[in-house]
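[1] mind folding the following:
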Amino acid sequence: MSSFIKSQEMVQEFLNGPIKDTEQLIEGYMSPFGKWFGTGLNAGWYNTAQPHQFPGFDVTGGIHLIQPPESAMLFTPTLNNLIVNSTNQELSTFIGPSNNTEIGYNNDDGEFQTLFNAPGGVINGKDPIPMPYIQGSIGLIKKTEILFRLTPPVKSQDLQIRYWGIGVKHDIKQWIPGVKILPFDLSVIAAYSQLNSNLTFNADQDLNFDVNAFNSNLIISKKILGFTPYVGLGYQYSKSILSLTGEYTILDWNGTDIDPGEIFPISDPIDISFGGVNGLKATLGARLKLLLFTFHIEWTKAEYDVFTIGIGLNSDIGSKLIGGSL
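    Residues are numbered from 1 along each chain as shown. Coordinates of the predicted model:
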């Protein structure tokens, strides 16, 4: 929660320059943060290819340890008017080095004038970044299972977060002649998630940061007594949307210089969207079931790698009583 507040407070630092450059700086700084969230929203949706049959269910929770790539630590902005006061023109992202970097411009005399310090990283992206999750699922007809993630609005200080997700898993082996009699499970799963956050700075100033995520996977697993190894291959997509709403004042930029002491008001200055984790991912995992409890670990290889560990309450007693006839 504190990271959320810190990230959105940092965005305000970039309002001290021309608006077009501000958008470039915000996107570069926040993009890895959005990719981290998108990766987490797309992870951990399954730990077996076998769907529940009605009314079987489970409730599973755990933690993702997400490892960003080295390239996510820094970014090189393409600026129209401002200058990055560093030899390599690189700036830290939200998950990069903690050092600040001067941002400014050259005045008419060719002298560098500092406008503000671009913020450094808040989270150390060189170490895996944790993200907890919890989800439930229930079996329906024809070896189809619906999965869901939902948290009520969580409010802390001036920050409010809402999150929900829904997914469907379906056994496709039953429809393939010759394959349906083989001793393994084969399913497809698709899931969509949405996270919305709002931070109120003042009575008329808000920052909204939303992440939408979708993933689909082909899963194969084999149950050996209470032990189930599984493999998944899938595609994931996410997008982040960031907006500043309300009334703000920014420095007056005349095209080549800052007018000293001059500011002008602006309404809703920022509304940008930027891509997230888009591409293939591969998952290798294993689940152990003891009575009604499950324990699982998995590793997902993608743009942002993920190691997941989880525990769940899992029951198929009801479906066994009715014989799995639906």
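[2] and residue 54, how close does it get to residue 249?
    Plainly put, residue 54 is 59 Å away from residue 249 if you go by Cβ to Cβ, to the nearest Å. Where you see a C-beta, it was placed from the backbone N, CA and C, and this is true even at glycine.
[3] so which of these two has more stuff around it?
    residue 54 (19 against 11; other Cβ atoms under 10 Å).
[4] check the more buried one and give its pLDDT.
    Residue-level confidence at residue 54 comes out at 91, pLDDT.
[5] that one and residue 102, how far apart?
    Taking Cβ to Cβ, one finds residue 54 at 62 Å from residue 102.
[6] check residue 298 too.
    For residue 298 relative to residue 102 (Cβ to Cβ), the value is 43 Å.
[7] more crowded one of these two?
    Using other Cβ under 10 Å, the more surrounded residue of residue 298 and residue 102 is residue 298, with 23 against 15.
[8] isn't the more buried one right next to residue 281, touching?
    No - counting by Cβ atoms under 8 Å, residue 298 stays clear of residue 281, with 11.2 Å between them.
[9] neighbours of residue 226, how many?
    11.
[10] go on, residue 314?
    21.
[11] just residue 63 next, same as before
    15.
[12] which non-adjacent residue is nearest it?
    residue 132 (5.0 Å; Cβ to Cβ, 6 or more residues apart in numbering).
[13] wait, what's in contact with that neighbour?
    Shown in contact with residue 132 (Cβ atoms under 8 Å, 6 or more residues apart in numbering): 61-64.
[14] wait, a strand at it?
    Yes - using DSSP: H, G, I helix; E, B strand; the rest coil, the assignment for residue 132 is a strand.
[15] still on that earlier bit, can I get the contacts of residue 132 in CSV with pLDDT and distance to residue 119?
    Formatted as CSV, those follow (pLDDT from 0 to 100; distance: Cβ to Cβ, whole Å):
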residue, pLDDT, distance to residue 119
61, 96, 33
62, 96, 31
63, 97, 27
64, 97, 25
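[16] just the buried members of those residues?
    Buried subset of the contacts of residue 132 (neighbour count, 16 or more other Cβ atoms under 10 Å): 62, 64.
[17] pull the CA atoms of stretch 168-184 into CSV?
    As requested, the backbone C-alpha atoms of stretch 168-184 are provided in CSV (Å, rounded to 0.1, in the frame of the first residue of the first chain):
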residue,chain,number,x,y,z
VAL,A,168,-12.9,-19.9,-17.2
LYS,A,169,-11.1,-23.2,-17.4
HIS,A,170,-12.4,-26.0,-19.6
ASP,A,171,-11.3,-29.6,-20.3
ILE,A,172,-10.7,-29.9,-24.0
LYS,A,173,-9.4,-33.5,-23.9
GLN,A,174,-13.0,-34.7,-23.7
TRP,A,175,-13.7,-33.4,-27.2
ILE,A,176,-10.7,-35.0,-28.9
PRO,A,177,-11.3,-38.6,-30.1
GLY,A,178,-8.5,-41.0,-29.1
VAL,A,179,-7.0,-38.5,-26.7
LYS,A,180,-9.8,-38.4,-24.1
ILE,A,181,-9.0,-41.9,-22.9
LEU,A,182,-5.3,-41.0,-22.2
PRO,A,183,-4.2,-40.7,-18.5
PHE,A,184,-3.6,-37.0,-18.2
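[18] buried stuff in it?
    Buried residues in stretch 168-184 (16+ other Cβ under 10 Å): 168-173.
[19] need those residues in TSV with secondary structure and pLDDT, can you?
    Shown next, in TSV, are these (DSSP: H, G, I helix; E, B strand; the rest coil; pLDDT from 0 to 100):
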residue	secondary structure	pLDDT
168	strand	99
169	strand	99
170	strand	98
171	strand	98
172	coil	97
173	helix	97
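[20] I'd like these laid out as JSON lines, including distance to residue 241.
    Listed next are those as JSON lines, based on distance: Cβ to Cβ, whole Å:
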{"residue": "168", "distance to residue 241": "25"}
{"residue": "169", "distance to residue 241": "28"}
{"residue": "170", "distance to residue 241": "30"}
{"residue": "171", "distance to residue 241": "35"}
{"residue": "172", "distance to residue 241": "34"}
{"residue": "173", "distance to residue 241": "38"}
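[21] now, which of those residues sits nearest residue 190?
    residue 168 (5.9 Å; Cβ to Cβ).
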